[in-house]
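Student: got a predicted model here, sequence first, then my questions.
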Amino acid sequence: MSKKVSKKENLSPEARAIINSQVSRRALFTGAGGLGVASFLGLSMTELNAATSTGIVRWANWGYYIDFDEKTKKYPTLEAFTKKTGIKVTYQEAIDDNDTFTAKVSPQLKLKKDIGYDLVTPTEWMAARWIASGFTKKFDVKNIPNKKNVIDLLANRPLDPKREQTLPYAGIIAGIAWNKKKVPAGFKTMDQVFDKKYKGKRQILVLSEMRDTIGLIMMWQGVDIAGKFTDAQFMNAVNKFEQLVKDGYIGQIKGQSYAQDLQAGNVSHVIGWSGDIAQLNLQVGSEQFGFAVPDSGGTFSSDNFMIPSTAKNQANAEALINYYYDPAVAARLSAYINYVCPVKGAQEEMAKFDAKQAKNTLIFPTAETFKKLHVFRGLTPAEQLKYSTAFQKVSGNG
């Protein structure tokens, strides 16, 4: 990592590996959509395909979402977990978009067949759908004593009030990101993002996550996305979205692979996620990319640990969840991925090795920061179908 770290000599070998590593996520992504092949921790392909022994846990996660050591091509916190427990982890950056990932695995889940993962991390709204569909297992709480460390803000969410089937892996802030070489001044408002000078240039990329893209547009239009907005208000935002596409403001609509386009200079700015932008800056070794929550508001959600109903290694998955809820481990992970940390005590642990990062409001938001962030309200099944259909039609997938 390119950060200057205080008291580095007092760190564990694992923590030093995280701080010293030079991130290179490009090496982890192959093919369209940015999906990578499995990353192995000493496992053969045969072991991956038949990973049902008691010493293995198989994890599907998003890209840019775990500490990585460029020199060893390994993940320091996972290495430490295996050393501590003897449990090996097969880790795949298999999620690029909630809908596409769920569409891929739901047929097997419906047939009660193994999907190849013991642990997944979908976003909250999709996690709620998995629970409603019976696609998850309830935790054996005795295996997750560190569950007590979940921050109060995320301890009792509507999808899982007692946190019996989910625990947040990280909080997500969606806002505006830009390449400073193309837009040195950056952005504060959505009016600036869609200034007339960008018309027809197709230099803006937006997320295929409906709640983030349409959520930011709705807030731009003065709508409370956490409240009881109407069909008309939602469709008004979709119509605005469609017009922006037709007028050539928006050139692409993508999942998490949007970050590669921003890095490559294919677009000047995006609706994106805060942690990804921090990762890009680490990769290039400078503050080349900016991020801001627009004045009209940004969205807040969380990706959640869940154990699929067909998991072969539940206890091992629970051991891994419990490990990441250790404040010291959570601090190491969050210092690297730069997403909102859901674990109590992690800020104090991070301050021991990086006092500046421990004050980062994108990792540990203040009350003032949260005033600008809003959670897209839950949708009824009828609304979900109607709204998703309208959004996908404009996105070119309907």
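Tutor: Arrived safely. Numbers count the residues shown, from 1 in each chain.

Student: so what's F229 up against?
Tutor: 218, 223, 377 (CB atoms under 8 Å, 6 or more residues apart in numbering). Glycine gets a C-beta too; all of them are placed from N, C-alpha and C.

Student: the helix or strand where F291 lies pairs with which strands, parallel or anti?
Tutor: Assigning secondary structure by DSSP states H and E places F291 in strand 289-292. Here strand 289-292 is paired, per DSSP bridges, with strand 167-179 (antiparallel).

Student: past the partner strand, which element shows up next along the chain?
Tutor: helix 190-193.

Student: what comes into contact with that next one?
Tutor: The contact list for helix 190-193 (CB under 8 Å, 6+ apart) reads 176, 187, 204, 216-217, 220, 269, 294, 296.

Student: apply 7 Å and report the result again.
Tutor: With CB atoms under 7 Å, 6 or more residues apart in numbering as the test, helix 190-193 has contacts from 176, 187, 216, 220, 269, 294, 296.

Student: strands - which of these land there?
Tutor: Per DSSP state E, strands hold the following members of those: 176, 269.

Student: can you pick the most crowded of the contacts of F229?
Tutor: Among the contacts of F229, the one with the most neighbours (other CB atoms under 10 Å) is M218, at 26 neighbours.

Student: tell me the SS of D212?
Tutor: With DSSP: H, G, I helix; E, B strand; the rest coil as the basis, the three-state label of D212 is helix.

Student: same deal with T361?
Tutor: Following three-state DSSP, we place T361 in the coil state.

Student: what residues are up against it?
Tutor: T369.

Student: dump the C-alpha coordinates for stretch 328-342 into CSV.
Tutor: Only the C-alpha atoms of stretch 328-342 are listed here, as CSV (Å, rounded to 0.1, in the frame of the first residue of the first chain):
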residue,chain,number,x,y,z
ALA,A,328,-8.7,-6.1,14.9
VAL,A,329,-9.3,-8.1,11.8
ALA,A,330,-12.1,-5.7,10.7
ALA,A,331,-9.8,-2.8,11.1
ARG,A,332,-7.2,-4.4,8.8
LEU,A,333,-9.8,-5.3,6.2
SER,A,334,-11.5,-1.9,6.3
ALA,A,335,-8.2,0.1,6.1
TYR,A,336,-7.7,-1.7,2.8
ILE,A,337,-11.1,-1.8,1.1
ASN,A,338,-12.2,1.7,2.3
TYR,A,339,-15.9,0.7,2.7
VAL,A,340,-18.0,1.5,5.7
CYS,A,341,-16.9,-0.8,8.6
PRO,A,342,-19.8,-2.6,10.4
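
Student: hmm, who's touching that stretch?
Tutor: Residues outside stretch 328-342 that contact it (CB under 7 Å, 6+ apart): 14-15, 18, 65-67, 77, 150-151, 154, 168, 170-173, 274-275, 278-279, 302, 323-324, 343, 346, 349-350, 354, 357, 362-365.

Student: and the contacts of F229 as JSON lines, adding pLDDT and secondary structure?
Tutor: As requested, the contacts of F229 are arranged in JSON lines below (pLDDT from 0 to 100; DSSP: H, G, I helix; E, B strand; the rest coil):
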{"residue": "M218", "pLDDT": "98", "secondary structure": "helix"}
{"residue": "V223", "pLDDT": "98", "secondary structure": "coil"}
{"residue": "R377", "pLDDT": "91", "secondary structure": "coil"}
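
Student: save these as a markdown table, and put in distance to D212 too.
Tutor: Output for the contacts of F229, formatted as a markdown table (distance: CB to CB, whole Å):
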| residue | distance to D212 |
| --- | --- |
| M218 | 11 |
| V223 | 15 |
| R377 | 14 |
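
Student: what's the average pLDDT for stretch 328-336?
Tutor: Stretch 328-336 carries an average pLDDT of 96.

Student: could you say which helix or strand contains S388?
Tutor: Under the criterion of DSSP H and E, S388 resides in helix 381-395.

Student: tell me what that helix is packed against?
Tutor: The contact analysis (3 or more CB pairs under 7 Å, 6 or more residues apart in numbering; DSSP states H and E) places helix 381-395 against helix 210-220, helix 231-246.

Student: give me that answer again for 6 Å
Tutor: The contact analysis (3 or more CB pairs under 6 Å, 6 or more residues apart in numbering; DSSP states H and E) places helix 381-395 against helix 231-246.

Student: and the helix it packs on, which residues are buried?
Tutor: Of the residues in helix 231-246, 233-234, 236-238, 240-242, 244-245 count as buried by neighbour count, 16 or more other CB atoms under 10 Å.

Student: relative to P158, which of those residues is nearest.
Tutor: Nearest to P158, judged by CB to CB, of those is F234 at 19.3 Å.
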